[in-house]
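Asks: What shape does this take:
(one chain, ligands or ions: 1)
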Amino acid sequence: MKEKKIYGVFRGAPFHMVGDGFRVSNYFPGGNRFGKMISPFFLLDYNPPHDFGPSGTPRGVGVHPHRGFETVTIAFEGSVAHHDSHGHSGVIRPGDVQWMTAGSGVLHKEYHEKEFASKGGAFHMLQLWVNLPAKHKMTEPRYQSITSEMVGKAVLPDNAGLVRVVAGAYDGITGPAKTFSPINLLIGELHAGRHAGFTFPPTTNTGILFTGGEATLQGKTPVSAMDFVLFDNDGEDVRVEATTNCSFVVFNGEPINEPVAHYGPFVMNTMQEIEEAFEDFREGKFGVLED
Ligand code: MN
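Replies: Numbers count the residues shown, from 1 in each chain. This next block holds a predicted model:
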């Protein structure tokens, strides 16, 4: 087996607020700097640990539409409440994942969960947009509430740590998320001085976001929290050696080799489909959701 070459180590854009509840750095598309290299993943917003003070009115982002892709929210610290126009709602807490398929169109809102908001505290979260293949863009909206208990847990040998499997598989352990194209979404937690290996075929795209601590990749490249590492397709093996206790999220998937038309909250294949999305949204076809 041959090791994958690192294409680059990147930092996200300067922080911006999404609504008043998410202080995020955007890693991609950011002017589409990775383009096809990170498909089927389309957007990554990362909210590293940030202390939100107590608030009687939960912070967050109000009602807005989506069509043509999925939003995946991973909670590391703090809690988020979600409601959508298809009657789905839920709260995700540390270790939980919310996998929403916008498909043909939903309205949703995302706020800090009430109790968390009233106490305030560290908030650490990630939102990923997963593109849908053309034939599934108009699929029925779906909501997968994946609790920490449901997430697959691959315990690494030698007390090295843990790989949590949200989607796909690692070392024979499978993840609960249903996906429309082949995806591995993994969360790694390594103890200082230990290591983990990952093997992905050259036909897939691979990136890793570090969410805590320091590590060495492929035996030579130092990385730390907030670094996003994009790999070339060539080769198969990825090796993470923890310098300190560290944590990271691994994104791997088969690219969707189709044209992308993106505007605001819609990710489609053509500009005409974007216009149709706006029209359907204006005509109320995404349903009703109160603010
Ligand atoms: Mn949203």
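
Asks: next one: phi and psi at residue 274?
Replies: phi -70, psi -50 (degrees, to the nearest 10).

Asks: cool, and residue 273?
Replies: According to degrees, to the nearest 10, residue 273 has phi -70, psi -30.

Asks: Could you give the bridge partners of the closest residue to it other than its chain neighbours?
Replies: The spatially closest residue to residue 273, leaving aside those adjacent along the chain, is residue 261, at 6.4 Å (Cβ to Cβ, 6 or more residues apart in numbering). Where you see a C-beta, it was placed from the backbone N, CA and C, and this is true even at glycine. Counting by DSSP bridges, residue 261 is bridged to residue 268.

Asks: While we're on residue 261, how confident is the model there?
Replies: You'll see residue 261 listed with a pLDDT of 95.

Asks: hang on, isn't it packed against residue 268?
Replies: Yes: assessed by Cβ atoms under 8 Å, residue 261 is found in contact with residue 268 at 4.9 Å.

Asks: Which residues are in contact with each of the two?
Replies: residue 274 (Cβ atoms under 8 Å, 6 or more residues apart in numbering).

Asks: Please identify which of the two sits among more neighbours.
Replies: Counting neighbours by other Cβ atoms under 10 Å for residue 261 and for residue 268 shows that residue 268 has the greater number, 24 against 16.

Asks: Can you give me every residue that contacts that one?
Replies: 67, 68, 137, 260, 261, 262, 274, 277.

Asks: Output those residues as JSON lines; include the columns distance to residue 187.
Replies: Putting the contacts of residue 268 into JSON lines (distance: Cβ to Cβ, whole Å) gives the following:
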{"residue": "67", "distance to residue 187": "28"}
{"residue": "68", "distance to residue 187": "26"}
{"residue": "137", "distance to residue 187": "27"}
{"residue": "260", "distance to residue 187": "27"}
{"residue": "261", "distance to residue 187": "31"}
{"residue": "262", "distance to residue 187": "27"}
{"residue": "274", "distance to residue 187": "33"}
{"residue": "277", "distance to residue 187": "32"}
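
Asks: Ranking by neighbours, what's the top pick from the residues you listed?
Replies: That'd be residue 68 among those, by other Cβ under 10 Å, with 28 neighbours.
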